[in-house]
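# quick one, fold the following:
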Amino acid sequence: MLNRKAGLTALIGITVAGLASGCLSSNSGSSTSAGTASGPGKSTIEVMYGLGPDTEPGFKADVQNWAKQNNITVKFTKAGSWDTEIRTRVQGGNPPDVGLFPQPGLMCDLAKTKKLTPYDDATVATDKATLVPGIVEAGTCADGKVYGLPNEVSVKSILWTDAPAFKAAGYQEPKTLDQLLTLTQTIKSQGKTPWCIAAESGAATGWPITDWIEDLVLRFAGPDNYDKWVKGQLKFNSPEIKPAWEYFQKIAFGDGFVRGGTKSIVATAFGTGGNALFTNPPGCYLFKQATFVANKGGFPDAVIAKVDTETKPLAFPAKTEGDNPVLIGGDLAAAFNNDPNTLKLRNFIASKENGTEQAKKGAFSPHKSADVSLLPNKTLQTIATDVLYKATAARFDGSDAMPAKVGAGSFWTEPVKWLSGQQDLDTTLNNIDDSFPKTGS
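Numbering: from 1, shown residues only. Sure thing, here's the model as predicted:
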């Protein structure tokens, strides 16, 4: 889970450095359900977003280049608190023309009340041909229509290693979860510590565990059951979901598997918790975290300066080799009206033609056809080609789409109690299930 906590990670960044007109003109606050344009087209289009300081400049540059070519003026509005500000704008009958939603949950809530205009079938078909599998489905709401497609994505299914140390020890990249456990046991048998795991994040302590569990649910339960779980249709303690927790338990509670021991996980800062990879001798050999960690405030500056030689990112392994789902974050472009220029801008943001300037700043295009050579270093290029674009299915961060009481509540706090030794796994899962809002409540 990262998007709901965007403010917590803004200081770290999310890329690797060197990583009212149309039907709203009357302030009605509602949109047409049609995906096709209506009217002559506005001369000024407002786009609202909550992008971080590393992503925003490239996004604005890409959009401004498009706007000049199309003789359209674009007004950029940055939200300090996306959920609060977009809800206020919509409730006040003054939404932007285009919004970039950092998670699909709120977007689909607004779509349900007819506040958004879906993509037309032709645009969806064109984009789907080059998008990573599963991304279109992530932007599809309960009525079966596509309301959001991503501007860019971040990649969470990453294992970080110290490249020289990993190679010197003779370790091989694990391709399956069984191989990952075997590697863990091998490192431990040699008197070394396999893992750094870090979940401390102030008031949000525990959220990094959600990324672990989401990646494992994708693998053990599969993408379809992952979707049911996120919607509350499968319980945390169900036979489909519990195996993901049991696998994590083998690593997190394994004797000597984690630097500092199990209880240290919730006291170790998520941003710098993997830095022991790079000590001499290494304090650990494996660290799971999203791509943002290889930026200032995460890995040591000396490592970041030589990121291509000092680190080696590995894909988080599959349950069955070759079946590689990927956990992502990203901002979904959605339209609040069917003005033709609104739809043109939204469609451009979601297209493979967008992203040239963003890529130069380290942002991943969701389109497999993207020119990875534009990314500023080989580390990011490797993540794009070997992790993101080889994925068999992509899914957005599940906790971001869950009710806040769970996704930013019990899904954080209950694992902290578990890892701290205050309760067992069944109690943890049952407590999260009990916190999930009942249907209709």
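
# next, name the residue at the spatial heart of this protein.
residue 329 (1.8 Å; CA atoms, centre = their mean).

# name the helix or strand for the spatially closest residue to that residue that is not a sequence neighbour, please.
Closest residue in space to residue 329, ignoring its immediate chain neighbours: residue 154 at 4.4 Å, by CB to CB, 6 or more residues apart in numbering. For the C-beta atoms, the positions are set from N, CA and C on the backbone; glycine is no exception. Taking DSSP states H and E as the criterion, residue 154 maps to strand 149-155.

# quick one: average pLDDT of that strand?
Averaged across strand 149-155, pLDDT comes to 96.

# ditto for stretch 195-207
If you average the pLDDT over stretch 195-207, you get 96.

# residue 344 in helix, strand or coil?
helix (DSSP: H, G, I helix; E, B strand; the rest coil).

# meant to ask about residue 52
Applying three-state DSSP: residue 52 is coil.

# dihedrals phi and psi, it?
phi -80, psi 170 (degrees, to the nearest 10).

# try residue 126
phi -60, psi -50.

# and the residue lying closest to it once chain neighbours are set aside, what does it touch?
Nearest non-adjacent residue to residue 126, counting by CB to CB, 6+ apart: residue 351, 7.8 Å away. For residue 351, the contact set (CB atoms under 8 Å, 6 or more residues apart in numbering) comprises 126-127, 367.

# where exactly do the strands run in the stretch 51-200 of the chain?
Using DSSP state E, counting those that start in this stretch, the strands of the stretch 51-200 of the chain run over 73-78, 98-101, 149-155, 158-162, 195-196.

# contacts for the first one next, please.
The reference is to strand 73-78. Applying CB under 8 Å, 6+ apart, the contact partners of strand 73-78 are 43-51, 56, 60, 63-64, 67, 96, 345.

# what's around residue 201, how many residues?
Residue 201: 18 surrounding residues under other CB atoms under 10 Å.

# for the one 5 residues further on, same thing?
Each residue near residue 206 was counted by other CB under 10 Å, and the total is 25.

# where does the residue lying closest to it once chain neighbours are set aside fall, secondary structure wise?
Leaving aside its sequence neighbours, residue 206 sits nearest to residue 412 (CB to CB, 6+ apart; 3.4 Å). Using DSSP H and E, the element containing residue 412 is helix 411-419.

# who are the packing partners of that helix?
helix 207-220, helix 425-435 (3 or more CB pairs under 8 Å, 6 or more residues apart in numbering; DSSP states H and E).

# please identify the most buried of the ones you listed.
helix 207-220 (a mean of 25; mean count of other CB atoms under 10 Å).

# in contact with the residue lying closest to residue 246 once chain neighbours are set aside, which residues?
Using CB to CB, 6+ apart and skipping the chain neighbours, the partner closest in space to residue 246 is residue 425 (7.3 Å). Residue 425 makes contacts with 242, 245-246, 249, 418, as judged by CB under 8 Å, 6+ apart.

# so of these, which ones are in helices?
242, 245-246, 249, 418 (DSSP state H).

# drop anything exposed from those.
The neighbour-count criterion (16 or more other CB atoms under 10 Å) marks 242, 245, 249, 418 among those as buried.

# rebuild these as TSV, extending it with pLDDT.
Formatted as TSV, those follow (pLDDT from 0 to 100):
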residue	pLDDT
242	98
245	98
249	98
418	98
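
# on the three-state scheme, residue 224 is what?
Three-state call for residue 224 (three-state DSSP): helix.

# that one: how many residues sit nearby?
That count, for residue 224 with other CB under 10 Å as the rule, works out to 11.

# same check on the one 3 residues further on?
Other residues lying near residue 227 total 18 when counted by other CB under 10 Å.

# how about residue 84?
10.

# and residue 440, what pLDDT?
The model's pLDDT for residue 440 equals 51.

# tell me which residues form a beta bridge with residue 46?
residue 75 (DSSP bridges).

# next up, the contacts around it.
With contact taken as CB under 8 Å, 6+ apart, residue 46 is in contact with 74-77, 96-98.

# with just CA atoms, put the longest strand seen in the chain into PDB.
Longest strand in the chain, counting residues (DSSP state E): strand 325-335. Taking C-alpha atoms only, strand 325-335 is exported to PDB below (Å, rounded to 0.1, in the frame of the first residue of the first chain):
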ATOM      1  CA  PRO A 325       1.700 -11.400 -11.700                       C
ATOM      2  CA  VAL A 326       2.900  -7.900 -10.700                       C
ATOM      3  CA  LEU A 327       1.700  -5.500  -8.000                       C
ATOM      4  CA  ILE A 328       1.600  -1.900  -9.200                       C
ATOM      5  CA  GLY A 329       0.500   1.600  -8.200                       C
ATOM      6  CA  GLY A 330      -0.400   4.300 -10.600                       C
ATOM      7  CA  ASP A 331      -2.700   7.200 -11.400                       C
ATOM      8  CA  LEU A 332      -5.800   6.500 -13.500                       C
ATOM      9  CA  ALA A 333      -6.900   9.200 -15.900                       C
ATOM     10  CA  ALA A 334     -10.700   9.700 -15.800                       C
ATOM     11  CA  ALA A 335     -13.000  12.300 -17.300                       C
END
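
# now it: buried residues?
325-335.

# could you tell me the angle between it and strand 149-155?
Comparing the axes of strand 325-335 and strand 149-155 via axes from the mean of the first three to the mean of the last three CA atoms, to 10 degrees yields an angle of 150 degrees.

# what packs against strand 325-335?
With contacts taken as 3+ CB pairs under 8 Å, 6+ apart, strand 325-335 sits against strand 98-101, helix 104-112, strand 149-155, helix 207-220, helix 340-349, strand 393-396.

# in what helix or strand does the residue nearest to residue 371 when sequence neighbours are not counted lie?
Leaving aside its chain neighbours, residue 371 sits nearest to residue 359 (7.2 Å; criterion: CB to CB, 6+ apart). According to DSSP H and E, residue 359 maps onto helix 356-360.

# contacts for that helix, please.
The contact list for helix 356-360 (CB under 8 Å, 6+ apart) reads 55, 57-59, 61-62, 65, 151-152, 365, 370-372, 374-376.

# and after it, which helix or strand comes next?
Going down the chain from helix 356-360, the next helix or strand is helix 378-383, by DSSP H and E.

# where in the stretch 51-200 of the chain is pLDDT low?
Applying pLDDT under 70 to the stretch 51-200 of the chain flags no residue at all.

# lovely, talk soon.
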